[in-house]
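*Asks:* Prediction below, plus the sequence it came from.
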Amino acid sequence: MKLIPVILSGGAGTRLWPVSRRAYPKPFMKLANGSTLAELTFERALDVSDDGTVMTVTSRDYYFICRDMYSKVAMSEMHKQIFMLEPMGRNTAPAIALAALEVKQRFGEDAVMLVMPSDHLIKDKEAFKTAVKEGAKLAEQGFIATFGIHPTSPETGYGYIKAGQRIEGYDAALIDEFKEKPDLQTAKDYVSSGNYTWNSGMFALSAKTLLDEMQTTSPDVLSAAQECFATKNIQQSAIEFDTNSFAAMPDISIDYAVMEHAKKRAVVDSKFDWNDIGSWNSMAGLADPDEYGNRIEGKAIAIESNDCYIRSGDRIVAAVGVDNLTIVDTKDAVLVAHKDRSQGVKDVVQFLKSNNHDAAIYHQTVHRPWGNYTILEDEPDCKVKRLTVKPGQVLSLQKHQRRSEHWTMVNGEAKVRVGDDEFILKNNQSTYIPKDTLHRLENPTDNDIALIEVQCGDYFGEDDIERFEDIYGRTSND
């Protein structure tokens with residue numbers, strides 16, 4: 001049996017704003033131990049992969065972030081990694097269908113896929129591997145196996161699986177039905193009955209079983225996925241698809257498209273711990289409380305305060321005489337919420353989106369394939385950034401219609417093109433790029449370089465970037 005872990009890495013994680021934002025979502029958040037959920041998921045995938053091969057379905061925006069984080073975990077295995085890039089979100093059914101088509105083509109239709117979201121936390125690796133082996137054996141027998149988590153409380157934010165008849169020879173049962181997120185009393189009834197588990201969103205299934213089931217349960221999704229798969233091309237060691245073909249696929253989850261109607265469904269009796277970290281309350285539960293029930297990460301002080309969760313960044317956060325609050329501080333935004341309202345954070349994000357505020361999408365520091373930039377000042381007539389460019393990386397050849405730019409090197413040397421001129425820009429030297437002028441910057445050194453960019457004009461949006469050459473394959477307004 002060939003086992004291929006398939007990581008689904010996408011989603012905005014709006015309930016964890018202001019740390020999780022669309023341009024840098026929940027899987028890339030650092031936990032208290034310094035690791036990210038994406039790195040920990042990749043580690044688990046490597047643990048169960050036969051030969052170190054892991055497939056990741058993600059967006060082009062997240063591809064370079066995923067790749068960099070994975071390389072921290074296992075640089076020696078990076079040549080075995082398969083990345084499939086989505087030009088837009090189309091939910092889990094299309095993503096898993098495309099992954100199954102790729103697995104079938106590369107490894108054969110009997111290869112087993114372990115589908116796992118990138119933003120879950122599982123600490124007990126041995127129990128996880130035991131459950132995966134059980135799920136893989138079921139997948140070999142034509143089952144679509146899920147991994148049910150024994151509920152520890154009547155959570156209303158999770159879906160539930162009702163177990164039916166036990167499957168002889170396996171630590172698993174047939175699935176009677178899937179239940180959507182219930183109200184509190186229904187959740188209490190589910191937990192007390194002992195017949196329900198939380199739906200973890202992980203699956204073990206063969207490529208053949210999934211594609212055969214989709215032919216019956218969701219032929220429209222399968223047909224659209226096959227048409228989209230036919231457009232695939234490989235750029236920068238990643239698989240990409242035609243945007244129009246991808247957009248034509250239905251936006252539907254694997255639960256609705258397949259699982260609710262599949263013939264052979266099983267739920268593995270999983271013994272591992274599991275946390276999808278779906279709210280700040282879940283994140284708070286990862287930190288140890290002090291004698292007053294306060295859970296603190298970073299530079300924070302709690303005086304005459306009880307049962308608060310405080311996460312600070314570079315600044316000191318002081319809480320005095322308050323109870324049951326969630327306080328999260330970042331460089332450009334602060335969240336203060338009652339712990340009972342932690343699910344309402346998504347409403348803040350929706351408000352920011354409706355008002356076209358960048359804080360719904362971007363942090364003050366924005367990550368790019370070549371490095372990152374931090375916004376130092378943002379005014380109607382100018383914008384100031386500090387750019388950090390990684391060794392060997394190159395910004396796109398581009399120009400702007402509505403702004404000019406000044407570059408000043410503050411650390412290192414850069415190879416610069418302005419118009420038809422190419423030259424080396426050294427420490428403490430500057431150059432000017434007029435409007436409508438081709439320009440590019442490259443780091444030819446072995447160390448990070450840094451520069452200050454001052455933009456002057458009447459508009460500084462990303463859509464004022466016209467790209468002509470780009471080694472990362474981005475379109476003109478990416």
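*Replies:* In hand now; what should we look at? Bear in mind that the values here come from a model prediction, so they are computed numbers and not experimental data.

*Asks:* where do the strands sit along the stretch 251-400 of the chain?
*Replies:* 265-270, 295-297, 300-303, 309-311, 317-320, 325-329, 334-338, 365-368, 371-379, 382-389, 397-399 (DSSP state E, counting those that start in this stretch).

*Asks:* give the contact list for residue 144.
*Replies:* Under the criterion of C-beta atoms under 8 Å, 6 or more residues apart in numbering, the contact partners of residue 144 comprise 203-205, 209-210, 213, 258-259, 262, 264-266. The way it works is simple: take the backbone N, C-alpha and C, and place the C-beta from them, glycine included.

*Asks:* sorry, back to before: distance to residue 138 added to the strands of the stretch 251-400 of the chain, as JSON lines?
*Replies:* Listed next are the strands of the stretch 251-400 of the chain as JSON lines, based on distance: least, C-beta to C-beta, whole Å:
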{"stretch": "strand 265-270", "distance to residue 138": "5"}
{"stretch": "strand 295-297", "distance to residue 138": "39"}
{"stretch": "strand 300-303", "distance to residue 138": "46"}
{"stretch": "strand 309-311", "distance to residue 138": "39"}
{"stretch": "strand 317-320", "distance to residue 138": "48"}
{"stretch": "strand 325-329", "distance to residue 138": "40"}
{"stretch": "strand 334-338", "distance to residue 138": "42"}
{"stretch": "strand 365-368", "distance to residue 138": "39"}
{"stretch": "strand 371-379", "distance to residue 138": "44"}
{"stretch": "strand 382-389", "distance to residue 138": "48"}
{"stretch": "strand 397-399", "distance to residue 138": "52"}
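
*Asks:* Between these, which one is closest to residue 92.
*Replies:* strand 265-270 (16.0 Å; C-beta to C-beta).

*Asks:* Let me see the domain layout of the protein.
*Replies:* As recorded under automatic domain parsing, the domains making up the chain are 3-270, 289-345, 364-469.

*Asks:* Could you pull up the mean pLDDT of the last one?
*Replies:* Domain 364-469 comes out with an average pLDDT of 95.

*Asks:* so how far is it from its chain's centroid?
*Replies:* Distance, stretch centre to chain centre, for domain 364-469: 27 Å (C-alpha atoms, centre = their mean, to the nearest Å).

*Asks:* ditto for the shortest one
*Replies:* Once both centres are worked out by C-alpha atoms, centre = their mean, domain 289-345 turns out to sit 25 Å from its chain's centre.

*Asks:* for this structure, which strand is longest?
*Replies:* As assigned by DSSP state E, the longest strand anywhere in the chain is strand 196-206.

*Asks:* so where's the stretch 151-300 of the chain shaky on pLDDT?
*Replies:* 236 (pLDDT under 70).

*Asks:* If we use 90, what do you get?
*Replies:* Across the stretch 151-300 of the chain, the stretches falling below the confidence threshold (pLDDT under 90) are 152-159, 177-184, 193-195, 234-237, 260-261, 276-278, 282.

*Asks:* mind listing the helices for it?
*Replies:* Taking DSSP state H, counting those that start in this stretch as the criterion, the stretch 151-300 of the chain carries its helices at 184-193, 207-217, 219-229, 243-247, 254, 280-284.
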